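J.: Got a predicted model here, sequence first, then my questions.
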Amino acid sequence: MTAQDREVDDSDGVDDVLALFARQPTATPADARATGASTAGAGPATDAGRHRARASSWADARTVAARSGRGAPTAPARRVPLDQALGHVLAEPLAALTDLPSFDTSAMDGWAVSGPGPWKAEPEQPAQGAGGILAGHAPAAPLPDGTAVRIATGARVPPDTTAVIRSEHARTDTTGHLHAERPVVHGQDIRPRAQECRSGDQLLPAGAMVTPAVLGLAAAAGYDELLTARRPTVDVLVLGDELLVRGLPHDGLIRDALGPMIAPWLRALGADVIDTRRVADDAHALYRAVTESDADLVLTTGGTAAGPVDHVHPVLARAGAELLVDGVAVRPGHPMLLARLASGRHLVGLPGNPLAAVSGLLTLAEPLLRTLGGRASRPAYRAPVQDEVHGHPYDTRLVPFVHREGRLVPLRYNGPAMLRGIAVADGLAVVPPGGARPGDALDVLDLPWAARADATASLDDGCFT
Ligand SMILES: Nc1nc2c(c(=O)[nH]1)N[C@H]1C(S)=C(S)[C@@H](COP(=O)(O)OP(=O)(O)OC[C@H]3O[C@@H](n4cnc5c(N)ncnc54)[C@H](O)[C@@H]3O)O[C@H]1N2
Ligand code: MOO
C-alpha cells in the first residue's frame with residue numbers, strides 16, 4: 001500500500017475518486033473522445049474543425065468574460081448594516097476608524113506593576129471593583145513607582161505601568177508585597193495602543209469579500225455598516241424536456257443535476273439568484289424567458305450544441321444578442337458561450353453535461369460576475385501535479401483534483417457527464433494542450449468553499465499576546 005493509499009483510506013469519500021490515472025482501465029477510443037483525450041492519429045473532424053475555427057482559447061475566454069462586465073449597467077453601491085453584509089464586496093477600502101487597541105491593554109489577568117519589584121500591592125480601590133482594574137472601566141490613576149495593582153485581561157493599564165505579571169507568576173507575602181517568580185521584561189503582557197493599526201490605516205482594499213472574519217475586523221475597527229457593491233443578479237434557466245425534479249430516473253428521463261447546483265454555486269461566487277426556472281425545449285418559451293428577464297445575467301443550461309432542440313443560438317440571434325464568446329477550446333464544456341443582450345446585460349450558456357456546465361461556470365460566469373460585482377481577483381497560483389494527465393491535442397482540459405502534500409492529485413470520474421470527481425474536489429487543474437507530466441506546475445482554479453491546503457502566507461509579524 002502506498003502512502004497515498006493510506007492517506008485516503010480514512011478520509012472523506014475521496015478514496016474511490018482519487019485519480020491514480022495509472023490504475024484506470026485503458027481508455028477506449030470512445031472514452032478518449034468523451035474526455036477529449038488524445039487518440040493516436042486523431043485530427044480535427046469536420047464538425048470539430050468548424051467549432052475550433054471560432055472557439056476562443058480558454059485564457060482568452062476568461063479575459064473577454066472579465067472585461068465584458070466593465071461596461072455593463074450596475075446599480076450604485078449602498079450602505080448595509082454589518083449583520084447583512086456577509087458575502088458582499090467592499091465598495092471602498094476598509095480604513096480603521098480607531099487605533100487598535102484603542103488604549104494600552106493588559107493581555108493577561110494578573111498585576112500591573114510600575115518600576116522594579118518587589119512592589120507594594122495596592123489595596124483594591126472601591127472605584128476599581130473587587131477584582132482590581134476590570135475590562136471596560138474608566139481610566140485608572142497613574143501607578144506610582146514601586147506599586148502593583150490587580151488587573152484583568154482587556155483592562156486599560158494605568159499610566160506609568162511598566163509591565164503586567166500574570167497571576168500564576170506572582171505571589172504576595174505577608175507584608176502585602178508582590179514578588180515576581182520569573183524575570184520581568186519591560187512592557188511584557190501589555191498590548192500597546194495601535195499595536196494592530198492606527199486610525200486611518202487601510203485594513204482591506206475595495207473589492208475584498210466580506211467574510212465572517214471581515215465582519216469581526218470591521219466591528220473592532222468601529223464600523224456599524226459597510227459600503228458594499230451591489231451583488232449582480234442572475235436568472236437561471238434550466239433547459240431540457242428529459243429532466244425530472246424528483247425521484248429516480250425512468251423511461252429515458254434523468255434527474256436535473258444542474259437546478260440544485262447552479263444557484264448555490266452562483267451565490268458562492270457573489271451573485272444574487274433571482275430564480276431558477278425550468279424552461280421546456282421550446283424556442284418561444286426560451287425567447288420570452290431571455291428577453292423578459294431584467295437580471296444582470298441570464299444563465300442557461302443545456303441547448304448550446306447543434307441538436308434539433310438546442311435553441312440557445314437561434315434565440316440569441318433572434319433577440320439581437322452579440323456573441324462575445326462562441327465556444328471555448330476547453331474540455332469539458334467546449335460549446336459554452338457568452339453573449340451581450342440588446343439591453344446591455346449578459347447571457348452565459350452552459351452546456352448541459354453537468355461537469356461541462358461547471359467548466360462553463362468557472363470559465364465564463366465567474367470572471368464576469370467578479371467584474372460585475374466589483375470583486376478583486378484572487379492571486380493566481382500554480383502547483384505541481386502528482387500524476388500524469390492526458391491532454392487534448394488542441395484544447396485545455398479542466399480536471400478535478402485534491403491537494404495532497406503540496407501536489408495536485410487528479411481525480412477519476414472527470415468525464416463531462418460526471419459529478420463524482422468534482423463533488424470531492426478542491427478545485428480544477430488547468431491542463432494545457434498536450435497534457436502534463438508528474439511534477440509539472442499547473443494553474444489552479446480553487447472551488448469557493450475549498451480551503452487552499454498549501455497556503456504559503458508567512459506569519460512574519462509574530463505577535464502572540
Ligand atoms: N454533433 C455534436 N454534438 C454534440 C457536441 C458537438 O460538438 N457536436 N458537443 C457535445 C458536448 S461536448 C456537449 S457538452 C453537449 C452540449 O450539449 P447541450 O449544451 O446542447 O446540452 P443538451 O444537449 O441539452 O444536454 C447534453 C447532455 O446533458 C444532459 N443534461 C442537460 N441538462 C441537464 C441537467 N440539468 N441535469 C443533468 N443532465 C443534464 C442531457 O440529458 C444530455 O445528456 O453536446 C454534445 N453534443
Ligand atoms: O466535452 Mo462536452 O464539452 O461534454 O463538455
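T.: Done, it's in. Ligands and ions are numbered 1, 2, ... in the order given.
J.: can you pull the pLDDT of V309?
T.: Per-residue pLDDT puts V309 at 82.
J.: Quick check: A61 is in a helix.
T.: Yes - per DSSP: H, G, I helix; E, B strand; the rest coil, A61 lies within a helix segment.
J.: Burial check on it, number of neighbours?
T.: 27 (other C-beta atoms under 10 Å). Backbone N, C-alpha and C define where each C-beta goes, glycine included.
J.: cool, R412 as well?
T.: Using other C-beta under 10 Å: R412 sits among 17 other residues.
J.: what residues are up against T63?
T.: Contacts for T63 (C-beta atoms under 8 Å, 6 or more residues apart in numbering) come out as P367.
J.: try 10 Å
T.: T63 is in contact with 56-57, 325, 367, counting by C-beta atoms under 10 Å, 6 or more residues apart in numbering.
J.: Those residues: which two are farthest apart?
T.: S57 and P367 (14.1 Å; C-beta to C-beta).
J.: more crowded one of these two?
T.: Just comparing S57 and P367: by other C-beta under 10 Å the higher neighbour count belongs to P367, 23 against 15.
J.: Point me to the helix or strand that includes L347.
T.: strand 346-350 (DSSP states H and E).
J.: same deal with I165?
T.: Short version, using DSSP H and E: I165 is in strand 163-166.
J.: So what's the gap between the next helix or strand after that strand and the chain middle?
T.: The helix or strand immediately downstream of strand 163-166 is strand 170-172, counting by DSSP H and E. For strand 170-172, the separation from the chain centroid amounts to 50 Å (computed by C-alpha atoms, centre = their mean, to the nearest Å).
J.: List of residues touching the helix or strand just after strand 170-172?
T.: Using DSSP H and E, the helix or strand that follows strand 170-172 in sequence is strand 177-180. The contact list for strand 177-180 (C-beta under 10 Å, 6+ apart) reads 110-111, 113, 116-122, 146-150, 163, 165-166, 169-173.
J.: wait, does the strand holding L347 contact ligand 1?
T.: No - on the criterion C-beta under 6 Å from any ligand atom, strand 346-350 is out of touch with ligand 1, staying 7.2 Å away.
J.: As PDB, could you dump the C-alpha coordinates of that strand?
T.: The C-alpha atoms that make up strand 346-350 are tabulated as PDB, following Å, rounded to 0.1, in the frame of the first residue of the first chain:
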ATOM      1  CA  HIS A 346     -25.300  39.300 -20.300                       C
ATOM      2  CA  LEU A 347     -26.200  35.700 -21.000                       C
ATOM      3  CA  VAL A 348     -23.900  32.800 -20.300                       C
ATOM      4  CA  GLY A 349     -24.900  29.500 -22.000                       C
ATOM      5  CA  LEU A 350     -23.600  26.500 -20.100                       C
END
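J.: Just checking: what are the partner strands of it?
T.: strand 297-301 (parallel), strand 337-340 (antiparallel) (DSSP bridges).
J.: Is it possible to get TSV of those strands that adds distance to A317 and mean pLDDT?
T.: Listed next are the strands paired with strand 346-350 as TSV, based on distance: least, C-beta to C-beta, whole Å; pLDDT from 0 to 100:
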stretch	distance to A317	mean pLDDT
strand 297-301	14	98
strand 337-340	10	98
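J.: what about stretch 359-373, start to end distance?
T.: 20 Å (C-alpha to C-alpha, to the nearest Å).
J.: Next one: the residue lying farthest from the centre of the chain from A121, what distance?
T.: In the chain, counting by C-alpha atoms, centre = their mean, T175 sits farthest out from the average C-alpha position, at 60.1 Å. Counting by C-beta to C-beta, to the nearest Å, the gap from T175 to A121 is 9 Å.
J.: again, but for M261
T.: For M261, the distance to A121 - C-beta to C-beta - is 65 Å.
J.: Could you do A220 as well?
T.: From A220 over to A121 (counting by C-beta to C-beta), the distance is 33 Å.
J.: Noted, bye for now.
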